[in-house]
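J.: Structure for this input, please:
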Amino acid sequence: MEYLLTMTTRVPEGTSDAEVQDVRDHEAARSRELATEGHLLRLWRPPLQPGEWRTLGLFAADDAGTLEQDLASMPLRVWRTDEVTPLEPHPNDPAPGVAREAPVATDDVAEFLTTFTVVIPPDTADETVEATVAGEGERTRELAREGHLRRLWALPGEGRALGLWAAGDDAQLQELLASLPMDPWLEVQTTPLSPHPSDPGVERSRPPARA
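T.: Residues are numbered from 1 along each chain as shown. This is a model prediction of the structure:
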C-alpha cells in the first residue's frame, strides 16, 4: 500500500547548527536505505513560508504499523511530526500495481500534486455520467502516454483522488486539467512541488545535495 506523508520538522531552540547538520546527514543516509528497500518512493518540497521545514513523501508499506516502524527509524523523527494519508489504487492510475516508479527526469518540467473532488450535478443523466467517466479514463491514458500524468490514487472519502503531474509550468498544467472530460465536475486543489535533494525517484546529472 502507498501513503502520502506530510512531514513537518521543528528544531528545538538552542540546538546547534552542528547538531542539526549531523541529524540531517543521518537522515539522508537512512532515506537512501529506505529507498533501496523500496519503502521510500519519492520526496518533494511543497511551497514553504520563511523558516518553515516541511517535506512531502511517498512511501510504500504493507500496513500502517510497518509504515510507522520505517518513519520511527528516520533520525529527523525526533523533531518531526508526520501526517499520514493512505492512498488506494485508482482505476485510471497509469502505473497500477507498481510500488516504485522508474526514475524520471525533472530538469525541464515541474511536478504538481492535484487533489480532485468530483461533484456531479444531481440532475445529470446516468448515460451522461457513464460516457463522461469512460472518456475520462481514455484521456488520462493519453496524458500518461505523453508523460504528463505520472500517478493517480484514490483518497479517503467519496469522489476524491490525488494526481501526480508533470508540466512545463502552472499554465500548462491548467490546460491539461481543462482537457479532462470530468473537468466541469471537478474541484481541484493544486500543490506545486520543488525538487528534494534526497528524492530517490529522479535521475540526476550530479551527486545529490544533503537532505
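J.: and residue 76, that's in a strand?
T.: No - if the criterion is DSSP: H, G, I helix; E, B strand; the rest coil, then residue 76 is helix and not within a strand.
J.: That one: how many residues sit nearby?
T.: In terms of burial, residue 76 registers 22 neighbours under the definition other C-beta atoms under 10 Å. Yep, even glycine has a C-beta here, placed from its N, CA and C like the rest.
J.: ok now do it, which residues does it touch?
T.: Contacts for residue 76 (C-beta atoms under 8 Å, 6 or more residues apart in numbering) come out as 7, 9, 23, 24, 27.
J.: Now do the residue nearest to residue 63 when sequence neighbours are not counted against residue 36, distance only.
T.: With C-beta to C-beta, 6 or more residues apart in numbering as the measure, residue 1 is the residue that lies nearest to residue 63, at 6.9 Å, once sequence neighbours are left out. Here the distance between residue 1 and residue 36 works out to 19 Å (C-beta to C-beta, to the nearest Å).
J.: Ok, residue 201 next?
T.: In this structure, residue 201 and residue 36 are 13 Å apart, going by C-beta to C-beta.
J.: Neighbour count: these two, which is higher?
T.: Neighbours per residue (other C-beta under 10 Å) separate residue 201 from residue 36, with residue 201 holding more: 20 against 10.
J.: hang on, isn't that one packed against residue 41?
T.: Yes - under the criterion of C-beta atoms under 8 Å, residue 201 makes contact with residue 41 at 5.9 Å.
J.: the helices in this structure, which residues?
T.: Under the criterion DSSP state H, the chain contains helices at 17-36, 64-72, 126-145, 170-178.
J.: can you list the ones you listed in CSV and add mean pLDDT and distance to residue 162?
T.: As requested, those are arranged in CSV below (pLDDT from 0 to 100; distance: least, C-beta to C-beta, whole Å):
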stretch, mean pLDDT, distance to residue 162
helix 17-36, 96, 21
helix 64-72, 97, 17
helix 126-145, 96, 13
helix 170-178, 97, 14
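J.: Output these in a markdown table; the columns should cover distance to residue 87.
T.: Rendered in a markdown table, the data for those read as follows (distance: least, C-beta to C-beta, whole Å):
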| stretch | distance to residue 87 |
| --- | --- |
| helix 17-36 | 17 |
| helix 64-72 | 11 |
| helix 126-145 | 16 |
| helix 170-178 | 20 |
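J.: how is the chain carved up into domains?
T.: Per the record, the chain has its domains at 2-86, 89-194, by automatic domain parsing.
J.: what bits of this structure have low per-residue confidence?
T.: 96-107, 203-211 (pLDDT under 70).
J.: do that again at 90, thanks
T.: Within the chain, the stretches with pLDDT under 90 are 48-52, 94-109, 201-211.
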